[in-house]
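>>> Provided below for reference: sequence and predicted model.
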Number of protein chains: 2
Amino acid sequence: MSDTTQMLKGILDGCLLAIIKEGEIYGYELAAKLESYGFRSLSEGTIYPLLLRMQKEGLISATLRKSTAGPKRKYYTLTEKGEQELVMFIGRWEQVSSSVDNVLNKRGI
Amino acid sequence: MSDTTQMLKGILDGCLLAIIKEGEIYGYELAAKLESYGFRSLSEGTIYPLLLRMQKEGLISATLRKSTAGPKRKYYTLTEKGEQELVMFIGRWEQVSSSVDNVLNKRGI
DNA sequence: TTAAATACCTTGCAATACAAGATATACTTT
DNA sequence: AAAGTATATCTTGTATTGCAAGGTATTTAA
């Protein structure tokens, strides 16, 4: 109850969409990218199931490519549906985050 | 997958703490207050179990008082532990929300 | 007395982050 | 060759939590 686990629910998927939109990227690299944006180190048990789920929902699509330093990488790109979902995510985020900021700054109505 | 349900996880408790800190308040009023801050209408099935949980954890304490227009009201106040938890919540929120904003504004590193 | 607004609670479900453990490839070191 | 290390992905099971649905009780107004 004292970490950010619960707080990440419902925002990680949107953040992944936003990063993938910037350019084709694979899971292992994504985890590092999230850290560079300020997220604490995220478990692979979080990233991979999430990517698979989003692919199954048709938000992203994947292609396998050989790597020079390990097993094949699974590169993801946004689908049309994924772009739409990203737009809706941003709307949700702005509504919720501004509400929280209102509460913390004590500016009701 | 297109509402803010998941996004509220891990932030509602902190928001309740912040509002209760402003002054003694009861559950039914709290729901209205949250709306005035920008949250969409929250179910009583969300508010009451959450208040009971926080009371059980010792973050808030309650006293019953008669009402002029209905059954007794349960007024909540912050405990010392609740104040500490609020401070920690604010820290978590600032870390996470700034990370999300970084991702959405594409400002890595 | 019937209705409506107020006020609180309980049960069960669904969604999701994550720990733990497994598998496989390429390169480097011994 | 063999072993180790970094890279890269996946699966299973668990804990937490928002919320719908349904229930109870009190006060005032119609």
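Ah, there it is.
>>> Which strand or helix spans the residue lying closest to A:F39 once chain neighbours are set aside?
Residue nearest to A:F39 in three dimensions, not counting chain neighbours: B:S99, with 4.9 Å by Cβ to Cβ, 6 or more residues apart in numbering or on different chains. Quick note: C-beta positions are derived from backbone N, CA and C, even for glycine. In this assignment (DSSP states H and E), B:S99 forms part of helix B:80-104.
>>> That helix near DNA strand D anywhere?
No - against DNA strand D, helix B:80-104 shows no contacts by Cβ under 7 Å from any atom of the strand, the least distance being 10.8 Å.
>>> roughly how far apart are the residue positioned nearest the centre of chain A and DNA strand D?
The centre of chain A sits closest to A:L16, judged by Cα atoms, centre = their mean, with a distance of 2.1 Å. Look at A:L16 and DNA strand D: by Cβ to the nearest atom of the strand, to the nearest Å, they are 13 Å apart.
>>> pLDDT score assigned to the closest residue to DNA strand C within chain A?
Among all residues of chain A, A:G45 sits closest to DNA strand C, at 2.4 Å; criterion: Cβ to the nearest atom of the strand. We have a pLDDT of 95 for A:G45.
>>> where's it, which helix or strand?
Assigned by DSSP H and E, A:G45 belongs to helix A:44-56.
>>> Could you export that helix as CSV, keeping only the C-alpha atoms?
Taking C-alpha atoms only, helix A:44-56 is exported to CSV below (Å, rounded to 0.1, in the frame of the first residue of the first chain):
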residue,chain,number,x,y,z
GLU,A,44,8.7,-7.8,-17.4
GLY,A,45,5.7,-9.5,-15.8
THR,A,46,4.0,-6.2,-16.3
ILE,A,47,5.2,-5.2,-19.8
TYR,A,48,4.8,-8.4,-21.8
PRO,A,49,1.3,-9.4,-20.7
LEU,A,50,0.2,-5.8,-21.3
LEU,A,51,1.7,-5.8,-24.9
LEU,A,52,0.0,-9.1,-25.7
ARG,A,53,-3.3,-7.9,-24.4
MET,A,54,-3.1,-4.7,-26.5
GLN,A,55,-2.2,-6.7,-29.5
LYS,A,56,-5.1,-9.1,-29.0
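>>> For it, which outside residues touch it?
Contact with helix A:44-56 is made by A:12-13, A:16-17, A:27, A:30-31, A:60-62, A:74, A:76, A:82, as judged by Cβ atoms under 8 Å, 6 or more residues apart in numbering or on different chains.
>>> For PyMOL, write the select line for the buried members of those.
Applying 16 or more other Cβ atoms under 10 Å in any protein chain shown to those, the buried members can be selected in PyMOL as follows:
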select buried, chain A and resi 12+13+16+17+27+30+31+60+62+74+76+82
